[in-house]
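In: sequence first, then the predicted structure:
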Amino acid sequence: MGAQPRRRRASAALGPMRGWYYARATVAVIAGMALLLAGLLVFRVWSVIHAISPRAQPADLVTLVHAQSDEPGSVGWKVKHDQRINILLLGYGGPGHDGPYLTDSIMLVSIRPSSHQAIMISLPRDLWVKIPALPKNRFMLGKLNSAYAIGMDHADYPNVRSDWKTATGGGDLVAATVSQITGQPIDYWVGVDFKAFRDVVDALGGVRVDVPTSLDDPYFPRGETTGMMHVHIDAGWQPFDGERALEYARSRETTSDFDRSRRQQLIMLAVRQRVFSLNAVPRMLSLLGALQDNVRTSLRPADLRPLVELAGQIKDQDIRRVSIDTSNLLRSGYSSNGQYVLEPLDPSYGALHRYIAMALPDRSTLTRQTPFSVQDGSRRYWLPYGVGTPASVMTTLLQAEGWQATLAPAPAAQRVAQTQILDGSGGRAVATVAWLQSYFGGVITLVPAPAGGPSVTVVLGSDFTLKTFPAPTTS
């Protein structure tokens, strides 16, 4: 049984980067940081580079200036060999904040180089997880957002493994934890605090955001840790400096976390647009000293050029956005010590592993896809807290990946043990049907073309339902 980390106050200042749902926007911000680091290397600041990227080597200076690295495992090597690139993005308050290293933004960006596709997967900070922090393969139980703090705060957590007592220990520990959750190896991570976010927006000369709905929050935290202030932002196009952008991204008291995530998406989109519209290097050079203590990454300088080039090749329509939350694969609960937490419906995380592994299908498969419907093989299965049914959850998740999926009503008396893929396309949906079988399993059955609606239907049997949602409730 794992030990639990010492309870700490939740951060009063919430990370601006939580809910970064727009993957191109996020890669663009990394590209901006890449331009900054390139400037650092050219303009004498090796000490700053090493502070931001502790894994940097002096040879990286030459590599960055003259050519990218094709060393096995590098970004350039992965692009050349078409290996999926997984980058973990972390946002936290930083020095001066209560719980400075509690990561309120935890995002996995996965990129497929050959097809220039990307997917962003948002993981909630309250997810209750096993953190592999202790020696001898022992773990600590805690919220996902505590992993970075455990790796950074060696005074409060003196018994952690030696692996995590390094300059990159905090990010490395989060990466190891997220890898367990997602089933994906984490190639690189980037951590950014509030100050870096403000400074980047200001260095870009501010951003303009089309605010869809006015925001009124009389409880916004004043300063770093204490007091409150009234924040009001009207709907319509608004100019934001760094501080105003941070207020818009952080506000949560009068709206939901999902609303806040959508606002952060707008901010990051505006930052992306500004980065690509400007020659950002001269502006970024003014931030060298300030960002030294406010950005940290496991990326090496030699990885930055190919990452920037890859980011520029990703088009908006080839980016997918997914949030793992209580509308799909998680449910609300409480830990043994009374903390509000989120738990997976599938304790093994197998459903999440499979979903992420099957994300980013071949571009041609998506382009030539045939619309399909998803149907519950049994109406007995309803998921907790009004989430819906397995078919409704899978429909929403597949739509987020770019599939033209719809929910089909299930006959009341239907009881299906093995998942079925009913193909009434007359042979016109070969690629779509093959992908559906690879994801859901089951058998393909040729049927007459339906009178209306999608020509392909996936009927979820108990074989898939009980594996993906091990403890359904009977309705």
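Out: Great, that's in hand.

In: where in this protein is pLDDT low?
Out: The chain contains residues with pLDDT under 70 at 1-69, 223-226, 256-258, 261, 276, 279-293, 379-387, 471-475.

In: the nearest residue to R415 once chain neighbours are set aside and L466, how far apart?
Out: Counting by Cβ to Cβ, 6 or more residues apart in numbering, R415 lies nearest to S378, which is 5.3 Å off, once chain neighbours are set aside. Where C-beta positions appear, they are placed from N, C-alpha and C, glycine not excepted. With distances defined as Cβ to Cβ, to the nearest Å, the gap from S378 to L466 amounts to 10 Å.

In: ok, these two, which is more surrounded?
Out: Counted by other Cβ atoms under 10 Å, S378 and L466 do not tie: S378 has more neighbours, with 22 against 14.

In: who touches both of S378 and L466?
Out: By Cβ atoms under 8 Å, 6 or more residues apart in numbering, S378 and L466 have no common neighbours.

In: count the residues that sit near the closest residue to I324 other than its chain neighbours.
Out: Of all residues beyond its chain neighbours, the one nearest I324 is L123 (5.8 Å), with distances taken as Cβ to Cβ, 6+ apart. By the other Cβ under 10 Å criterion, the neighbourhood of L123 contains 27 residues.

In: which SSE is the nearest residue to Q369 once chain neighbours are set aside in?
Out: Using Cβ to Cβ, 6+ apart and skipping residues adjacent in sequence, the residue nearest Q369 is T432, 5.0 Å away. Using DSSP states H and E, T432 maps to helix 430-440.

In: elements contacting that helix?
Out: helix 363-367, strand 420-423, strand 456-460 (3 or more Cβ pairs under 8 Å, 6 or more residues apart in numbering; DSSP states H and E).

In: need these in TSV with distance to F220, can you?
Out: As requested, the helices and strands packed on helix 430-440 are arranged in TSV below (distance: least, Cβ to Cβ, whole Å):
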stretch	distance to F220
helix 363-367	41
strand 420-423	50
strand 456-460	44
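
In: so for R138, which of the ones you listed sits nearest?
Out: Comparing the helices and strands packed on helix 430-440 by their distance to R138 (Cβ to Cβ), the top pick is strand 456-460, with 37.9 Å.

In: so which bits of the helix or strand that comes right after the closest one are buried?
Out: Read in the C-terminal direction, the helix or strand following strand 456-460 is helix 462-468, with elements assigned using DSSP H and E. Applying a neighbour-count criterion of 16 or more other Cβ atoms under 10 Å, one finds 462-465, 468 buried in helix 462-468.

In: nearest to S332, of those residues?
Out: Within the buried residues of helix 462-468, the smallest distance to S332 is 18.7 Å, found for T468 (Cβ to Cβ).

In: mind listing what the closest one touches?
Out: If a contact means Cβ under 8 Å, 6+ apart, then T468 has 345-346, 350-351, 354, 390, 394 as its contacts.

In: on that earlier part again, please work out which of the helices and strands packed on helix 430-440 is packed deepest.
Out: Neighbour counts (mean count of other Cβ atoms under 10 Å) averaged over each of these peak at strand 456-460, with a mean of 25.
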